[in-house]
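Visitor: model this:
(chains A and B)
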Amino acid sequence: MFVSSAWMHHLQHSGKVMSGTSCKANGAVYPASTTVMTTVKKPKMEQIQADHELFLQAFEKPTQIYRFLRTRNLIAVSKYYIHNIHIYIMYRSFRKKTFKVDDMLLRVEKMKGEQESHSLSSHLQLTFTGFFHKDEKPSQNSENEQGSVSLEVLLVKVCHKKRKDVSCPVKQVPTGKKQVPLNPDCSKQTKPGSLPSLLVSSNEFEPSNSHMVKSYSLLFRVLRTGRRGMNGLVNGEANENIDVTEVPSRKKRSSTHREDGETTETFVAQMTVFDKNRRLQLLDGEYEVSMQGMEDCPVSKKRATWETILDGKRLPPFETFSQGPTLQFTLRWTGDASDKSTAPVAKPLATRNSDGSSPMESRPSTLKSAPLAVKASVSTDIQMKKEQILCEPRQKLRIFYQFLYNNNTRQQTEARDDLHCPWCTLNCRKLYSLLKHLKQSHSRFIFNYVPHPKGARIDVSINECYDGSYVGNPQDIHSQPGFAFSRNGPVKRTAVTHVLVCRPKRTKPSLSEFLESEDGELEQQRTYVSGHNRLYFHSDSCMPLRPQEMDVDSEDERDPEWLREKTATQLEEFTDVNEGEKEVMKLWNLHVMKHGFIADNQMNQASMQFVEKCGAYIARRNLCRNFLLHLVSMHDFNLVSVATIDRAMSRLRHIQEELPDAGADDQADRALMEGACNGTAIACSSGGGGGTKHGKRTKSSVTD
Amino acid sequence: MGAPCHDKNTSELCWRRRVKSEYMRLRQLKRFRRADEVKSMFNSNRQRILERTDILNAEWKTRRIQPVHIMTSVMCVCVWSCLLQCTVDSGFSEFSKQVIPLKTLNAVASVPVMYSWSPLQQNFMVEDETVLHNIPYMGDEILDQDGTFIEELIKNYDGKVHGDRECGFINDEIFVELVGALTQYSDNDDEDDDEEEQEFKLEKMELCENIFLSCLRSNCVCVCEIRYKELTEPQLPGALPPECTPNMDGPNARSVQREQSLHSFHTLFCRRCFKYDCFLHPFHATPNTYKRKNMENLVDSKPCGDECYMYLDGLVREYPDGMATERSKTPSKRPVSRRRGRPIGNSTYTRAPAKHHTQSYAHTNHCLLCNPEGNSRCQTPVKLKLTCDPQVVDWSGAEASLFRVLIGTYYDNYCAIARLIGTKTCRQVYEFRVKESSIIARAPAEDEDTPPRKKKRKHRLWATHCRKIQLKKDGSSNHVYNYQPCDHPRQPCDSSCPCVTAQNFCEKFCQCSSECQNRFPGCRCKAQCNTKQCPCYLAVRECDPDLCLTCGAAEHWDSKNVSCKNCSIQRGAKKHLLLAPSDVAGWGIFIKEPVQKNEFISEYCGEIISQDEADRRGKVYDKYMCSFLFNLNNDFVVDATRKGNKIRFANHSVHPNCYAKVMMVNGDHRIGIFAKRTIQTGEELFFDYRYSQADALKYVGIERESEMP
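Guide: Here you go, the predicted structure:
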């Protein structure tokens, strides 16, 4: 009974936003251990269901979102990812002393170039170790005719569909036939030269004329002929210590072959060399390909998916390797047909180094070295010490993702063998980088690193504090919505400072920073990016704030226009205050509002400022005596000194004398004031309390 | 009115009809007029909007940025868009098809809802609304669910809703018009001779009043008559309201008393805001407020010119001595009444009584002047006599008024007065002074409004004083009352003083002596005033720039770098805030630059309303689920719904990064928002809405207790 096989699988099936291709998990996903805290030996189906529901509830939505984002980004531009990769991968080079931006570019280009040239200008050399099929006893005598099978290798070119084609045109180019030993003894050291090998010229991988080739793959076809003896089956049963459950299924299948002893059995397998994005899928290394039994036309349905089906049951991928049929071979890219060892040794994890969007076509194949590496890490991990946690474990890791949900009371574990991000399939290549990436790019989750004997455990839980604030480049968001059209010619652009190189104080990268911290946990869960990562708006008009307007606090003036108008109209409403008084009062109020005086001892200065500012106006409007009254009144309130009155008035006289054409202006203003005075003869609508009825006020009603 | 009964009846009926029809006509007329007014007002507003848009557009054009588009009404029969074209097809053959390329605009993300509000940087006091201004609309479903809500709301306002038709009522305007219209009838119908006209009119008026009485059951006849007279009389052209003095700079300036000239300035000036008719303090000056307290009197010792009064009769020699002796002399018994001529406590200023009053005490003054020299506080009467012939000069009304104003300030400094009047020489002023001597008051003695604290107290240690005051302050309750300057002459600030009962300190605005025991002494810090060491900080007050002279609160008016950190609200040293959709709900406010813990961020400004008003408004806000109310003290609430500043957008959180603190700032309670922790650039601001003023003081109190050994 398995509770949940691949969790990703579940999530992706319940989501609707994801496109089919993108959500294929590329790494080998182990549906292995599912531990539920409340472990029951045989949990009832409902319980499992409920638990599963909880799990989905917690993790479904954010996963969908991240998957969607990934797909969108893949479709749009992969620049962002490249950028990200650079940050993670080039991290160390940033710390070099003689760092130059050019250097970085150069290095990247060199790297790319290396990769491409290495993959294209060489031969593909395949050296076959043997064909393993556990139905048979290992052949005792190698000279036996039965000890070998004939292998045919075809290069399959899947071309782009043309308009008239129903399906993609496929070209098969035979590359050669070889006799490959059947079930050779592994313990026996065979000379590499003696083994059969094939060469595929790299010319084959160049685009052909008629069709644009979408992808290249190798098709292995093993023909096994002349089987006479039926006894192998019985013997095999006894020899191998295989699970009992497996036996009947094999029996059944073998029985089909038994019908006529003289038939040839055909096994096929296909491996992608270059995928449709022209990315190299096969690097140097030892491969073991599981073969598929084929009765008739082996390559009739090109686009059917390969699945290991034994007796209608899906077998976990690794089961096939234990029993075969498998084909073992060594793959080398060589510059020269004769030269063998120039190609770099394939690292186990480097297979999918490109950028992780490799499809699953090559699923049945896996690297032979993979299980070994795990074993090795197990052995070393036993003596692992505390300090070793902090430095990167060197060897291949298995990473266990432990999902905590339902208030961290429940958990599910999934393991992965590579350092790809499970959400956006970014290959981070280092545990540190992976953790950093997870933490920074998937802030809807909380990730905590826990050292694990087999590699690393990452506790994943939902970040409750995730606030959804934008964590991208603020400049992107500040570009004006709705401003793209109908500009009047060139528009002034925001001055933006890009920091090209900065060397912030960085601590040495250490895995300890991802360990769960007890204190300041809240601090950590806040989003990393701070600053103005959002679009601001004017508070008065709700219009977007343009970047060039950021620095001026435009809406926080002390005397907003409406208030200035309000004070004027409010004074104007008085029916028993004469025009001259109103005028001076308004001027003074505006002056005080503008400067925001707060202290008594500012008043002398304020009065002098007032004369300087409004002196000319006062003189022109012939308000000098009213101004003097104002000063005297201020003096009565103990706010200005007699000396200030004297100084202010003499200054006013001075300004008055300096006025150009004072006489004429004076006359004009006088006339104006007269008119205004006559205009004041407003009928006081009602005496006493009803003063405010028609918006008219009297000062006596103000005095309380 | 002995009209025959029959006659009266018919005429009454007839009048009744007339009155009714006239009344209806007038009402309708008024309604039409009102509609026209509204229409024209709407149009003028429209016009203003267009003008404003034009200005904006012009401005934007210069900035080379996309202009503001005004939506033009679209009238098209059918629009269908093909690939990149838009075609307008009218369906009639005579109109040709119109084709225009299709432009697609990018989708713009919608922003949260915002109800319009007015920006403000200082609180604004508004009166209670006695009428419900609008019936709030909050969606049909709310009304369906809770039909009683609106009813209850209207009940809160005693059923008064703005814009209700005042049917059945008659206001002054209609009344006057109605009587006018009816008079016309009487003129047309009965061609009586002029003598009888008046009487007849009165009779008609009586009739119509009778009708009113029957209809409205409100006024009685005589009241109506008086009212009519009152209403029609002031409509004579050119008449000023009685309280209004003519413009002193105008041609109609009259010669009036000092207090009359200064009356507007005195009554409208707000001593706390330094503004006239300020927005914050509805209580304006009492006469004591503008009574001069400092005795400065700069008298020029040298003659101001050839025409100086000092050349009259060898005044030059004697004057300084005279001054000196005069100063040392008694604060002799003054006449009972004050210079200001207004009885204390009389709130309405009426002209006639004042004049009478002034004259009456002018007489007493005159009598005093006749007293022997020793008793007089001013220059001896001998000096006032003119030795040479007085020049005959005309004193205009304005000059005379101005002289009276200035003599109340400068007293005997005729040189200064002459300089300020400008049009008269010193000597002429002096001569006028002699003429006017009968009614001019002299320098008031220092009068004892509030007895100063006892001498022995004066040298007490500053710290103990502060502590004592502080302890007194936070002793009992958490209630904080609004401050209002006290004014109780000749009485110390004891239990009867409003400041003491409200547990407020006396401020510089109080009329008590500056030595008053209830005054807050201010701080003498030399540090930043941001610890409890500072008595101001301890008392949840900002430093008073007129009291705290050492901490820097009274310096550097123009710069932002003030050493005292406890004067941010009054100086408006707010941080730059930015508005954006919140991460939590609706709009949010974000800080532009990082701030330190406890740094001042902004003042929470708004309308200041009474607690009752807040209750009424709160009912509506609660329904909207959006409230900007903030308790200020026991008397008032700050409401930032209609007026406010950007900090009003700060959201509530139980883990806030800001806190609010109500502080006493120069006599006003104001709400400061401060940083609770270090806040990074671009962080959204939150504070805990529940943390009210009462809690703030409780908090302070608890802390104090734990501090004390």
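Visitor: what is the helix or strand hosting residue A:588 packed up against?
Guide: Using DSSP states H and E, residue A:588 sits in helix A:579-595. Contact here means 3 or more CB pairs under 8 Å, 6 or more residues apart in numbering or on different chains; DSSP states H and E; on that basis helix A:579-595 packs against helix A:561-572, helix A:603-620, helix A:624-636, helix A:662-679, helix B:258-268, strand B:275-276. For the C-beta atoms, the positions are set from N, CA and C on the backbone; glycine is no exception.
Visitor: what's the first helix or strand after the third one?
Guide: It stands for helix A:624-636. Helix A:624-636 is succeeded, C-terminally, by helix A:642-658 (DSSP H and E).
Visitor: and that following helix, average pLDDT?
Guide: The average pLDDT within helix A:642-658 is 86.
Visitor: what angle sits between that helix and helix A:603-620?
Guide: The directions of helix A:642-658 and helix A:603-620 differ by 30 degrees, with axes from the mean of the first three to the mean of the last three CA atoms, to 10 degrees as the criterion.
Visitor: can you show me the CA trace of helix A:642-658 as CSV?
Guide: Taking Å, rounded to 0.1, in the frame of the first residue of the first chain, the C-alpha atoms of helix A:642-658 are listed here in CSV:
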residue,chain,number,x,y,z
VAL,A,642,7.0,98.3,21.4
ALA,A,643,10.3,98.3,19.7
THR,A,644,8.9,95.9,17.1
ILE,A,645,6.0,98.2,16.4
ASP,A,646,8.4,101.0,15.8
ARG,A,647,10.7,99.0,13.6
ALA,A,648,7.9,97.5,11.6
MET,A,649,6.2,100.7,11.0
SER,A,650,9.3,102.5,10.0
ARG,A,651,10.1,99.7,7.6
LEU,A,652,6.6,100.0,6.2
ARG,A,653,7.1,103.7,5.7
HIS,A,654,10.2,102.9,3.9
ILE,A,655,8.6,100.5,1.6
GLN,A,656,5.8,102.9,1.0
GLU,A,657,8.2,105.6,-0.1
GLU,A,658,9.9,103.2,-2.4
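Visitor: for that helix, which positions count as buried?
Guide: By neighbour count with 16 or more other CB atoms under 10 Å in any protein chain shown, helix A:642-658 contains the buried residues A:642, A:644, A:645, A:646, A:647, A:648, A:649, A:652, A:653, A:655, A:656.
Visitor: same question for stretch A:402-422.
Guide: The neighbour-count check on stretch A:402-422 (16+ other CB under 10 Å) flags A:402-405, A:410-422 as buried.
Visitor: what's the end-to-end length of that stretch?
Guide: With CA to CA, to the nearest Å as the measure, stretch A:402-422 spans 12 Å from end to end.
Visitor: pLDDT (mean, whole number) over it?
Guide: What stretch A:402-422 shows for mean pLDDT is 81.
Visitor: same thing with stretch B:491-505?
Guide: 81.
Visitor: can you check stretch B:632-643 too?
Guide: Averaging pLDDT along stretch B:632-643 gives 88.
Visitor: residues contacting it, please?
Guide: B:115, B:117-120, B:123-125, B:479-482, B:604-611, B:613-614, B:617, B:621, B:627-631, B:648, B:662, B:669, B:671, B:693 (CB atoms under 8 Å, 6 or more residues apart in numbering or on different chains).
Visitor: ok, 6 Å please
Guide: B:117-118, B:120, B:124, B:479-482, B:606-609, B:614, B:628-631, B:648, B:669 (CB atoms under 6 Å, 6 or more residues apart in numbering or on different chains).
Visitor: quick one: end-to-end distance for stretch A:445-458.
Guide: With CA to CA as the measure, stretch A:445-458 spans 11 Å from end to end.
Visitor: let me fix that, I meant to ask about stretch A:565-585.
Guide: With CA to CA, one end of stretch A:565-585 sits 13 Å from the other.
Visitor: so which bits of it are buried?
Guide: For stretch A:565-585, by 16+ other CB under 10 Å, it's A:567-568, A:570-571, A:573-585.
Visitor: related to what we said a few turns ago, filter the contacts of stretch B:632-643 down to just the ones in helices.
Guide: Among the contacts of stretch B:632-643, the residues falling in helices (DSSP state H) are residue B:614.
Visitor: my guess is residue B:519 meets residue B:507, correct?
Guide: No: Residue B:519 is beyond contact range of residue B:507, at 7.6 Å (criterion: CB atoms under 6 Å).
Visitor: of these two, which one has the most company?
Guide: residue B:507 (24 against 20; other CB atoms under 10 Å in any protein chain shown).
Visitor: residue B:43: which element?
Guide: Assessed by DSSP H and E, residue B:43 sits inside helix B:5-63.
Visitor: now do the strands in the stretch 451-600 of chain A.
Guide: Using DSSP state E, counting those that start in this stretch, the strands of the stretch 451-600 of chain A run over A:455-462.
Visitor: for it, what spans make up the helices?
Guide: Taking DSSP state H, counting those that start in this stretch as the criterion, the stretch 451-600 of chain A carries its helices at A:474-478, A:521-525, A:561-572, A:579-595.
Visitor: worst average pLDDT in those helices?
Guide: Of all the helices of the stretch 451-600 of chain A, mean pLDDT reaches its minimum on helix A:521-525 (a mean of 45).
Visitor: where does pLDDT dip in the stretch 451-600 of chain A?
Guide: Applying pLDDT under 70 to the stretch 451-600 of chain A flags the ranges A:467-507, A:517-533, A:547-548, A:554-555.
Visitor: the stretch 401-550 of chain B now?
Guide: In the predicted model, the stretch 401-550 of chain B carries pLDDT under 70 at residues B:437-478.
Visitor: hmm, 80 instead?
Guide: Within the stretch 401-550 of chain B, the segments meeting pLDDT under 80 span B:407-416, B:418-419, B:422-479, B:489-492, B:513-515, B:517, B:527.
Visitor: pLDDT score assigned to residue 262?
Guide: Picked chain A for this. As predicted, residue A:262 sits at a pLDDT of 52.
Visitor: I was after chain B.
Guide: pLDDT, residue B:262: 82.
Visitor: max-length helix in chain A?
Guide: The longest helix of chain A (DSSP H) is helix A:45-76.
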